[in-house]
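Visitor: mind looking at a prediction? Sequence and model below.
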Amino acid sequence: MNLSKRWLHDYVNIDVTDKQFADALTISGSKVEAYETEGEELSNIVVGRVETLEKHPDSDHLWICQVNVGAEENLQIVTGAQNLKAGDYVPAALDNSVVAGGKKIKKGKLRGVESAGMLCSLGELGLTVNDFPNAIEDGIFVLGEDCNLTLGMDIREATGFNDVVTEFEITSNRPDCLSVLGLARETAVTFGMDFSEPVPVVAPGEGDVNDLLKVSIEAPELCYRYVGAVVKNVKIEPSPRWMRERLRASGVRPINNIVDITNFVMLEYGQPMHAFDLRYLEGNEVIVRNAKQGEKITTLDGIERELSEEMLVIADANKPVAVAGVMGGEYSGIMDDTNTIVFESACFNGPSIRMTAKKLGMRTEASSRYDKQLDPKGCRKILDRALQLVQQLGAGEVVNGVVDCDCSDKSDFTLAFEPDWVNEFIGINVSADEQKIILERLGCKVENGIITVPSFRGDLRHKADISEEIARFYGYDKIPDRQLAGVATAQYTPEQKFERLINNTMLSCGLSELCTFSFISPKSYDKICLPADSDKRKCVVISNPLGEDTSVMRTTMLPSMLETLARNYNNRNAKAYLYELGKEYIWKGTDELPAEPQMLCMGMYGAGCSFFTIKGVVEELLYKLGIEDYDVEAVKDNPSYHPGRTAVISKDGKVIGTVGEIHPQVLENYGIGTKAYAAEISFDICFELSQLKRTYKQLPKFPALTRDLAFVCKKSEPVLMLEKTIAQAVGKNLESIELFDVYEGSQIPEGMKSVAFNLKLRAADRTMTDEEADSAMKKAVKALEKLGISLRS
Amino acid sequence: MIDLKEQLKAIAVQAQEAVAAAASNADLEALRVKYLGKKGEVTAILKQMGKLSAEERPVVGQLANEVRQTIEAQLEAKVSQIKAAEQKAKLESETLDVTMPGEKAELGHRHPLSIVLDEVKEIFLGMGFEVATGPEVEWDYYNFEALNIPKEHPARDTQDTFYITENMLLRTQTSPVQIRVMENKQPPIRVIAPGSVFRSDAVDSTHSPFFHQIEGLVVDKGITMADLKGCLFDFAKRLYGEDTKIRLRPHHFPFTEPSCEIDVTCFRCGGKGCPFCKGEGFVEILGGGMVHPQVLKNGGVDPDVYSGFAFGVGLERLTLFRFNIDDMRLLFENDMRFLGQF
């Protein structure tokens, strides 16, 4: 909402700087985004009069003008314009002046003739023919009677191009503030002044409107009130400068008197108006009704639109002539030969307008005002204001009376006046009298403990709303700040602590944290090679996505991770070790919200990185999370991973997660030109299995014995199986067993491998003897021999 | 006797010179043997003591002991001297170019959003706020209806929503957690609810369809706007420093009344006014207000007994400010060159 200072001052008399005004209104709740003075960049351009003009001796199109700018001597200015004659008043840009666009003007010579400056066109002042309809676009702006013709006067002052425009951000609950009068009222209350709205007066005219116009509302739930009036013998011409400049400052292009009046009233009161040419209203009738299914209308913008039944139209006896509150029909507007017009001032159901505008894809100035629910009580005075302006401008003859179809609820909305409650709720101490004054200035009536809310304040519906009015005019800055009372006993939940432990462990292991979008492209499932019938393809689908890339909620975090790895790879980062603790979304049908399990996804690539690097991180994580004695099994059928280099980790039949090398096909799909590894770990399962209570184990009192054992077994034999067998055979004195070598090659038969372990044995209560250790080794060897695995000789 | 004394004195002089001249531990050991050993020169003198008279013996004995002690002390001093010299030489030979880079400790980097979120959580935890969560795929009811935003309400325009079904959507704000918390817990309530939210905004340097908010909710008997102001003032001071001021501006949110936007002292210029704060000296970081009585009711809390305040902060905004990041897209691209900076 752009507010003209000039217009505001028609209604409130304040004497503050523009900055003070902006700050005060912002703090009282009408947020000022910016303010600027029109024509600010112009400088040193004044009103001049062309006294004489003669042809330039060396040019067939240049003129040499002697220009009187109110100084002792005339200035000689050369111009190329052809529209001047002696006696014309013109904008003269003097030496060292600035015209629109920041262009500097200096005196100089044109084809050998001195020129002390430049005569300006409208465009060079930043104006258009809409602002000064009697001027021409190409040529010098010849000032008309609507300008101040004092020679030497600054051109901005002479043309009124010096208003201050303040841009407000108005919240959706205050459609009344999308108007000059609404902001004038806010201004008055902000500066502690009384405010009374002017009452428009229409002089009596001729005839009776009822002879010319019939109005009926067939959908009273969508149209609360429709008031119509008729103006005959309309004289279409430009509106006066004071109206044009107020429109310009408000960001509305002046067009002609009738259109300007409807726009002017809309800006002044906040309610859109419409003017129809009576010729095109068949049967001289206005019917406000629902559209018929499939009914068509070509709107003012020339587009044919198909309507549906829930939309509201303004129709004549035969056809719709406007989409109510959104846009008029093609022929309904004002033409140059329009003779008789119907003014519409109506109030519609806000949500219905919003829905219609959205469905038709045409959010207009009118609809964006109407959809915030305007006040039916305002319709009549707004129409009167338009008629008053018609009379004032001599734009036509107002026919006596109005046709007023009023289906609105006329009762007043009241609330209890509870000043004590307000003080308690806000934490302030403002007397009942002061509160009353604020409310009355805002337009409320406060009598006998009852507040009657003005009809234009549909947002005041609860005592909390009243408290805000008191608080903002008392001043939010004067509300004290109080520390929260009570004892603070908050702590993180076990899950939150667990999350922190995971994060800390990941960071310690050298993985950096990611943050990726929760929605992905459904094509990602092809990229990670999921089979067509995979359950993971059943996802939460966004019905109105921004694009395919972000159209489904992920059921696996792997694509997000691979995309990130790919991006890093393409950005030539030599390595990336990454993790994300995020959510997956599992569709549960339309009657239940999706499950949102939390998952930990790791990913890495780079020199020295192998399957065992990422597995090592997983092992370290599980250790820190207090999950031990888990099973690790090779999986060959996970399509996203390398069939020979992938493991599933589980415990007690619960799958903790998957860790592996990414399948080369998947790498190719993502354009990753190096081996990459990933792990997907279930947060929930880890949390369930976690045993974080650690107890201290006594440091050993007796020395340990170490033994190395190497076995030869089939290549396919899992090391974990050997390890477990040895551990079981050795029993409780086995302190640790560590794999230290796996070897294939010469001295080892084809298809076999040598696996070497380092064992540490220790008894808790005595020094173990070599004999004991040797016997334990024999047991281990025997146990493996039973499985056909022999000691390496 | 005179002779022995003279001999001892001569030995002392000789020994002192020899010790001073010694260059290694081996030399010193040889000197120790030469003078103080079983067959050493001092020992040899002592052995001759038997020839002396009873009066002379203690005198010569004492002198011999003195000489012995002197030599021992000199030897010892020389030993430490040599040791120190050797150590010095060794240390010199071990000199490193300390300007060479250290070996990189391979730790991971926390995401900047998490760094700031952790900080915010710590601040509120210290003020007695628990951390609550809610679903990201939400019912329209929780995201809108229960927050006083019925269908076709103009406030829905400002939050372009991703819908799953007519009634199911991706939450556009963390505010639905307010209702969920109230449904599950009677006052006193003091929670923050950080989380992901979604809006149909195309990606650019200041917009993203996926971002994060931190919701706050306090409900108790006698909660006033002064509590809201005090609480958020504390938060701002802890986040941006003790000198930080806050400014409340009236605003509109359907689920709070009165509502406000909260500005803090511009952290670039300290409030003097700069291009970043458009000369205002303040920067907006929060929205909030007193919980609308109808919203309390929707959450199953009696507004005649309890009152409350709520607020919401955009985590991305705080993070961009904190690290002077000029493009929000960087946060979600996760380039190691970016992540590695935090």
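Guide: Okay, I see it.

Visitor: how many neighbours does residue 154 have?
Guide: Because you didn't say which chain, this covers chain A. 19 (other CB atoms under 10 Å in any protein chain shown). Yep, even glycine has a C-beta here, placed from its N, CA and C like the rest.

Visitor: look at chain B instead
Guide: When neighbours are counted by other CB under 10 Å, B:Pro154 registers 19.

Visitor: quick one: it and chain A, what's the gap?
Guide: For B:Pro154, the distance to chain A under the criterion CB to the nearest CB, to the nearest Å works out to 4 Å.

Visitor: for that residue, which non-adjacent residue is closest in space?
Guide: Nearest non-adjacent residue to B:Pro154, counting by CB to CB, 6 or more residues apart in numbering or on different chains: A:Ser172, 4.0 Å away.

Visitor: quick check: phi and psi on that neighbour?
Guide: A:Ser172 adopts backbone torsions of phi -70, psi -10, taken as degrees, to the nearest 10.

Visitor: that one reaches A:Arg369, doesn't it?
Guide: No: in this structure, A:Ser172 sits apart from A:Arg369 without contact. The criterion is CB atoms under 8 Å, and the distance is 11.0 Å.

Visitor: dump the residue contacts of residue 233.
Guide: In the absence of a named chain, chain A is used. Contact criterion CB atoms under 8 Å, 6 or more residues apart in numbering or on different chains gives A:339-340, A:396-397 as the residues in contact with A:Asn233.

Visitor: let me rephrase: I mean chain B.
Guide: When contacts are counted by CB under 8 Å, 6+ apart, B:Phe233 is found next to A:481, B:246.

Visitor: longest single helix anywhere in chain A?
Guide: As far as residue count goes, and with DSSP state H defining each element, the longest helix of chain A is helix A:770-786.

Visitor: wait, A:Asp316 sits on A:Val288?
Guide: No: in this structure, A:Asp316 is not within contact of A:Val288 by CB under 8 Å, at 11.1 Å.

Visitor: more neighbours, these two?
Guide: Taking other CB under 10 Å, A:Asp316 and A:Val288 do not tie; A:Val288 has more neighbours (25 against 21).

Visitor: okay, now the unreliable bits of chain B?
Guide: Across chain B, residues meeting the criterion (pLDDT under 70) sit at B:1-2, B:157-159.

Visitor: domains for it, by residue range?
Guide: Annotated domains of chain B cover B:2-93, B:112-339 [automatic domain parsing].

Visitor: from the chain's centre, how far out does the longest one sit?
Guide: Relative to the chain's own centre, domain B:112-339 is displaced by 26 Å; criterion: CA atoms, centre = their mean, to the nearest Å.

Visitor: equivalent analysis for the first one, please.
Guide: In terms of CA atoms, centre = their mean, the centre of domain B:2-93 is set 61 Å apart from its chain centre.

Visitor: chain neighbours aside, what residue packs nearest to A:Asn74?
Guide: Distance criterion CB to CB, 6+ apart; nearest residue to A:Asn74, sequence neighbours excluded, is A:Gln66 at 4.4 Å.

Visitor: tell me the buried residues in stretch A:132-150?
Guide: Of the residues in stretch A:132-150, those buried under the neighbour-count criterion (16 or more other CB atoms under 10 Å in any protein chain shown) are A:132-133, A:135, A:139-143, A:146-147.

Visitor: distance between the ends of it?
Guide: For stretch A:132-150, the first-to-last residue distance is 18 Å (CA to CA, to the nearest Å).

Visitor: tell me the residues of the stretch 501-650 of chain A that contact chain B?
Guide: Taking CB under 8 Å from any CB of the partner chain as the test, the list of the stretch 501-650 of chain A residues beside chain B reads A:503, A:506-519, A:540-546, A:550, A:553, A:564, A:567-568, A:571, A:573, A:575-579, A:583, A:585, A:590, A:593-594, A:596.
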